[in-house]
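Peer 1: Quick one, what's the 3D model for this:
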Amino acid sequence: MRYLITYILFLAIALSACKTKISLSGATIPPEAKTISVGFFTNNTSLGAPSLSQRFTEKLRDVVSQQTGLTLVKQNGDLQFEGYIADYNVSPIAISADQASQNRMTISVSVKYINKFEESKNFEQTFTRFQDVASDKNISSIEPELVTEIYRQLTEDIFNKAFNNW
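Peer 2: Residues are numbered from 1 along each chain as shown. Just a heads-up that it's a prediction; the model follows:
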């Protein structure tokens with residue numbers, strides 16, 4: 001019994017000395033990091049709903065606050081995201097009988113990530129995702145659902161790049 005207690009105590013001390021902090025999402029976060037900030041992502045496109053910026057910014061804030069144990073602050077967090085919506089477009093992708101049979105909504109977001117503790121993890125990258133839709137559907141009526149799905153994919157890509165090194 002004495003050896004078991006000694007072993008458990010040794011194991012607890014050894015594990016507490018580890019440098020990497022792991023969250024429930026599997027993300028690797030520097031142990032020194034306590035705060036995260038997500039700046040407002042402006043819409044630098046000429047198309048799309050006026051709410052695109054607000055919706056994307058809120059979605060990214062929700063993802064990082066739900067999947068990390070970090071405190072969300074307005075600015076100058078230990079970890080920081082900033083950027084803009086670089087492209088929003090709907091274009092035909094499949095033509096049949098001289099008519100578009102399918103359209104593709106594409107959104108690109110330019111992201112700058114700053115990690116104050118591990119500068120090697122910093123990046124600037126444009127992330128792009130799309131959704132295809134039959135051309136007989138009215139894009140404006142299904143746009144909210146398409147944008148929601150594209151934003152889910154984009155924020156997952158951004159989170160994985162920042163915290164899972166993907």
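
Peer 1: mind checking the SS state of the closest residue to T106 other than its chain neighbours?
Peer 2: Sequence neighbours aside, F130 is the residue nearest to T106 in space, at 4.2 Å (criterion: C-beta to C-beta, 6 or more residues apart in numbering). (Glycine included, C-beta is placed from N, CA and C.) Following DSSP: H, G, I helix; E, B strand; the rest coil, F130 is assigned to strand.

Peer 1: residues contacting F130?
Peer 2: 104-107, 150 (C-beta atoms under 8 Å, 6 or more residues apart in numbering).

Peer 1: any idea which of those residues has the most stuff around it?
Peer 2: Ranked by neighbour count (other C-beta atoms under 10 Å), the contacts of F130 have I107 at the top, with 24 neighbours.

Peer 1: Would you mind listing where this protein has pLDDT under the threshold?
Peer 2: Residue ranges of the chain with pLDDT under 70: 1-26, 97-98, 100, 166.

Peer 1: And the contacts of F130, which is closest to F40?
Peer 2: Of all the contacts of F130, the one with the least separation from F40 (C-beta to C-beta) is I107, at 16.5 Å.

Peer 1: so that closest one is in which element?
Peer 2: Per DSSP states H and E, I107 falls inside strand 99-115.

Peer 1: How about D62?
Peer 2: With elements taken from DSSP H and E, the one containing D62 is helix 52-67.

Peer 1: is F123 in a bridge, and if so with what?
Peer 2: Beta-bridge pairing of F123 under DSSP bridges involves Y113.

Peer 1: and the lengthiest helix in the chain, what other elements does it pack with?
Peer 2: Counting by DSSP state H, the longest helix found in the chain is helix 139-163. Counting contacts by 3 or more C-beta pairs under 8 Å, 6 or more residues apart in numbering; DSSP states H and E, helix 139-163 is packed against helix 52-67, strand 79-96, strand 99-115, strand 123-134.
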